[in-house]
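# Here's a sequence, model it:
(one chain, ligands or ions: 3)
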Amino acid sequence: MQTYINEATSGKRISAKGYAVANKNAKFKPFSFTRHPLGEKDILIEMLFAGICHSDIHQAKSEWADGIYPMVPGHEIAGRVIAVGKNVKKFKVGDYAGVGCMVNSCGACEACKQSKEQFCSKVVFTYNCIDGFHNEEPTYGGYSDNLVVSEDFAITVPKNAPLDKVAPLLCAGITTYSPLKFSKVKSGSRVGVAGFGGLGVMAVKYALKMGAELSVFARNKKKEQDALRLGVKALYTTDKLIEVKERFDLIISTIPTAYEPMDYVRLLDFGGELCIVGLPPTSVMPSLSLSSLVFSAHRKVYGSIIGGIKETQEMLDFSLKHGIYPETEIITAAQIDEAYENLTSGRAKFRYVIDTKKSVF
Ligand code: NDP
Ligand code: ZN
Ligand code: ZN
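Ligands and ions are numbered 1, 2, ... in the order given. Predicted coordinates for the structure are as follows:
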């Protein structure tokens, strides 16, 4: 780490090591690269934990669009600040910081002014993105040993927080917290969660804390006991949706594979909402029938993507205050391929988190 600190403080490019895929069919391999020099408002983070989100798989395998390779995924990041730019106000060396899907944005547009940076046309995603603020170079994510980020895109994490559990909150947490707030979930709200994985379990935990009644939709009953243990009323299997009698105010779909959205719209009460956060590969992307929607009794469908920085800090504070954390399994970077395989074949439970200090890069 001392080399990185020296490079940062002398204004040089910062060396980094990570795990990358060379193309959409490749396995993960160690990869050395450099990050842009530490700017006045930037912090350098020593990586401690990085969650594996299903979006990492979609992108590493070019399932949404052609990826930028070599690709170092990872946007659920928790680490320790080891150097700060001269105008950094929020952090000092030694603090803990979290980083999610974004590392920069313009700061001046309407979206940025409202702290909805995810909608800024110049937003820089943490990886698989061209950084318009740094010579159009590609960004590299959290499956690595450090990260340089604008302090405005780093979330304050208190010293006593369990960092391995904090990392997944930076994407899975905010992506589910945000629509629950947007849809004003409250005591007695009837909420369904479709897809009970890394995001799904967070949606369940937050909605329960907000006082909602919860049901889960899954492809099989493997995680029924987990759902009941958390306080979910029922786990319905997706082969029998037609038999479900319950009606919902809100259903959040975190499904990453092909499915029929109207199957869930039909389960909403009149005026209820289906929020889509899961984004299946383009080759199997579901579509919505407009005629079904027109006849669907004012039921609403909307999409949601992560959340702004202000709301991400709010989510983190809420999670820590109420002890709401993801269900995690810690791995090393050498096990990323195996984790991807498990996540795509139904063998995974909830969230894999890479212990980057225990990984050999
Ligand atoms: P996980 O793989 O952790 O979880 C997905 C879950 O969905 C698994 O439990 C899987 O179960 C289940 N599932 C798969 N297919 C179906 C189906 N047809 N019906 C019901 N359940 C199904 O993924 P994540 O939670 O990390 O991510 C989920 C999706 O959300 C991804 O598409 C991801 O890209 C997207 N995402 C979107 C974000 C946003 O901002 N909008 C942010 C983060 C992620 P099993 O395979 O065991 O049956
Ligand atoms: Zn994610
Ligand atoms: Zn902007």
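# which stretches of the chain form helices?
Ranges of helices in the chain, per DSSP state H, are 2-9, 54-60, 110-113, 163-166, 172-182, 198-209, 224-230, 261-265, 290-294, 309-322, 336-344.
# near ligand 1 at all, the fifth one?
Put plainly, it is helix 172-182. Yes. Applying C-beta under 6 Å from any ligand atom, one finds helix 172-182 in contact with ligand 1 at Thr175. All C-beta spots, glycine's among them, are computed from the backbone N, C-alpha and C.
# Okay, angle between that helix and helix 309-322 too, please.
If you take axes from the mean of the first three to the mean of the last three C-alpha atoms, to 10 degrees, helix 172-182 sits at 100 degrees to helix 309-322.
# who are the neighbours of helix 172-182, in terms of helices and strands?
With contacts defined as 3 or more C-beta pairs under 8 Å, 6 or more residues apart in numbering; DSSP states H and E, helix 172-182 has these neighbours: helix 198-209, strand 248-253, helix 309-322.
# Other residues contacting stretch 308-324?
98, 100, 102, 114-118, 152-153, 155-158, 161, 166, 169-170, 173-174, 177-178, 181, 202, 205-206, 209, 306-307, 325 (C-beta atoms under 8 Å, 6 or more residues apart in numbering).
# To what extent is the residue in the stretch 151-300 of the chain positioned nearest to ligand 1 buried, counted in neighbours?
Nearest residue of the stretch 151-300 of the chain to ligand 1, counting by C-beta to the nearest ligand atom: Gly197, 1.9 Å away. If you count neighbours by other C-beta atoms under 10 Å, Gly197 ends up with 23.
# Pull up the residues of this structure that are close to ligand 3.
Neighbours of ligand 3 within the chain, by C-beta under 5 Å from the ion: 105-106, 109, 112, 120.
# need the contact list for the most centrally placed residue in the chain.
The centroid of the chain falls nearest to Cys171 when counting by C-alpha atoms, centre = their mean (2.2 Å). With contact taken as C-beta under 8 Å, 6+ apart, Cys171 is in contact with 51, 53, 55, 75-76, 100-101, 306.
# cutoff 7 Å now
By C-beta atoms under 7 Å, 6 or more residues apart in numbering, the contact set of Cys171 is 51, 53, 75-76, 100-101, 306.
# try Gly192
215, 217, 248, 251, 267.
# And the furthest pair within these?
Phe217 and Phe248 (10.3 Å; C-beta to C-beta).
# Mind checking if the longest strand anywhere in the chain is in reach of ligand 1?
Ranked by residue count and defined by DSSP state E, the top strand of the chain is strand 42-52. No. Under the criterion of C-beta under 6 Å from any ligand atom, ligand 1 is not reached by strand 42-52; the shortest gap measures 7.8 Å.
# are any of the contacts of Cys171 buried, and which?
Among those, those classed as buried by 16 or more other C-beta atoms under 10 Å are 51, 53, 75-76, 100-101, 306.
# Sort out for me which of those are in strands.
Gly51.
# Which single one of the buried ones among the contacts of Cys171 is nearest to ligand 2?
When the buried ones among the contacts of Cys171 are compared for distance to ligand 2 (C-beta to the ion), Cys53 wins out at 3.0 Å.
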